[in-house]
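# here is my input, please return the structure:
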Amino acid sequence: MGNEERYVVSLSIFPKEEHIIKVPEELVDEDHPLLYKPFDGSKYVSYFVSEANRNIGVTLESYCGVSANTPNLC
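Predicted coordinates:
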């Protein structure tokens, strides 16, 4: 394995700027409540990688979750 030639493919998805990511309305009902508010994908990525948030375990839930303890960031 030490001298074998290896190939790596990196696939990433970056949302378009100002593209709102949201759950389709037909998927939300009493049995399947909304868990995340609609959010701008590029703003979330910027928030996630910011110096202030880099080491504190920022998650999508902490950014725009529906729970009462979630700040209104999105």
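# which pLDDT value goes with L34?
Looking at L34, its pLDDT stands at 91.
# so it lies in a strand, does it not?
No - read with DSSP: H, G, I helix; E, B strand; the rest coil, L34 is coil and lies in no strand.
# which ones are touching it?
V23, V28, V66 (C-beta atoms under 8 Å, 6 or more residues apart in numbering). In short, each C-beta sits where N, CA and C put it, glycine included.
# mind pulling the model confidence for the second one?
The confidence metric pLDDT takes the value 94 at V28.
# how near is it to D40?
Plainly put, V28 is 20 Å away from D40 if you go by C-beta to C-beta, to the nearest Å.
# chain neighbours aside, what residue packs nearest to the spatially most central residue of the chain?
Centroid-nearest residue in the chain: L60, 4.7 Å away (criterion: C-alpha atoms, centre = their mean). Distance criterion C-beta to C-beta, 6 or more residues apart in numbering; nearest residue to L60, sequence neighbours excluded, is Y36 at 6.2 Å.
# number of nearby residues for the one you found?
Per other C-beta atoms under 10 Å, the neighbour tally for Y36 reads 16.
# right, and it touches T59 too?
No - Y36 is beyond contact range of T59, at 10.4 Å (criterion: C-beta atoms under 8 Å).
# one step back: between V28 and D40, which one's more packed in?
Taking other C-beta under 10 Å, V28 and D40 do not tie; D40 has more neighbours (18 against 13).
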